[in-house]
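J.: need a 3D model of the sequence below.
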Amino acid sequence: MKKSYYTDLLALFGIGGAHPGGLELTKELITKIDINDKKLLEVGCGTGQTSAYLYKRGALLTTMDAHPLMVEKANTRFTEMGLTCQAIQGSIEKTDFASNTFDYILAESVLSFTETLSSLKEIHRILNCGGSFLGLEMVKKDSLPKDTEERMKEFYGLSNIYSLEGWKTVLQDSGLQIISLMSYSLDELETSEPDINPSPDIDTAYFQVMQEHEEITLISRPHIELCIIYCIK
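T.: Next comes the predicted model:
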């Protein structure tokens, strides 16, 4: 995973549900799946907003994030809500989980910020046979200008920004079987209510990072869509 001040920004401001569609989209997708008493891993849990929902839905939840401050804030959320789940720190690129452990794995706007193929191969390894992977990731349209793409990769620490065909290839290379792979215009998604838990005394430099993020979002929005990925092992 490349260093990105954007992930520090999300952690410091405690921004939950940063993916397009937010928690409401997650709820819409999860209600179609029976996760009760199923072993479920959430990858990149952030401040634990989705994790708390999954736990209350009855999932046998394991939740993780690579950023230590995110893990801290997630566990504070769980404690305040009286939930017994606990976030752990780690990267999905390589984990200590045994093979064939989880019935479901969920990743929301996470894999693009990792070495994606390595992460997908690890997801394949730790899924049970017949287990399911659900991912929400950005996908580029053919109209994305090269200079904008390079700026995004540099700012967000991305190894790749995949097209829909690119996602299809990397998923297949990981060994996962694609059940559904669909892209949606960002304009189709409802704006979600922000979930914010800011740290005290945030360095003013991060407000400049926020400004650049907003600038990149503005210029890239016409050229980026949301990809909803559903695969099985």
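J.: check contacts around the residue nearest the centre of the chain.
T.: Among the residues of the chain, the one closest to the centroid is residue 108, at 2.5 Å (CA atoms, centre = their mean). The contact partners of residue 108, by CB atoms under 8 Å, 6 or more residues apart in numbering, come to 19, 26, 44, 50, 135, 136. In short, each C-beta sits where N, CA and C put it, glycine included.
J.: phi and psi next, for it.
T.: phi -110, psi 110 (degrees, to the nearest 10).
J.: do you know the pLDDT at it?
T.: We have a pLDDT of 95 for residue 108.
J.: which residues of this protein fall in helices?
T.: 5-13, 22-30, 49-56, 68-81, 116-126, 146-156, 164-174, 205-220 (DSSP state H).
J.: longest strand in the chain, by residue count?
T.: For the chain, the longest strand by residue count, based on DSSP state E, is strand 127-140.
J.: quick one: buried residues of that one?
T.: 127, 128, 131, 132, 133, 134, 135, 136, 137, 138, 139, 140 (16 or more other CB atoms under 10 Å).
J.: among the helices of the chain, which comes closest to residue 197?
T.: helix 68-81 (5.7 Å; CB to CB).
J.: from residue 203, how far off is the residue nearest to the centre of the chain?
T.: 27 Å (CB to CB, to the nearest Å).
J.: before we move on, what about residue 137?
T.: 29 Å.
J.: where in this protein is pLDDT low?
T.: 1-3, 191-194 (pLDDT under 70).
J.: repeat the analysis, applying 50 as the threshold.
T.: Regions of the chain meeting the criterion pLDDT under 50 are absent.
J.: can I get the helices of the chain in TSV with distance to residue 186?
T.: Compiled in TSV, the helices of the chain are given as follows (distance: least, CB to CB, whole Å):
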stretch	distance to residue 186
helix 5-13	18
helix 22-30	11
helix 49-56	19
helix 68-81	24
helix 116-126	21
helix 146-156	15
helix 164-174	15
helix 205-220	10
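J.: for residue 37, find the nearest of the ones you listed.
T.: Judging those by CB to CB, what sits closest to residue 37 is helix 49-56, at 12.2 Å.
J.: that closest one: which residues count as buried?
T.: So, applying 16+ other CB under 10 Å, buried residues of helix 49-56: 49, 50, 51, 52, 54, 55.
J.: for stretch 167-181, same thing?
T.: 167, 170, 171, 174, 176, 181.
J.: neighbouring contacts of that stretch?
T.: Against stretch 167-181 from outside (CB under 8 Å, 6+ apart): 116-117, 120-121, 123-124, 133, 137, 139, 162, 164, 227-233.
J.: and the buried ones among the residues you listed, selectable in ChimeraX?
T.: Listed next is the ChimeraX selection for buried residues among these, using 16+ other CB under 10 Å:
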select :116,117,120,121,123,124,133,137,139,162,227,228,229,230,231,233
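J.: residue 95 contacts residue 127, correct?
T.: No. Taking contacts as CB atoms under 8 Å, residue 95 lies outside contact range of residue 127: 11.8 Å.
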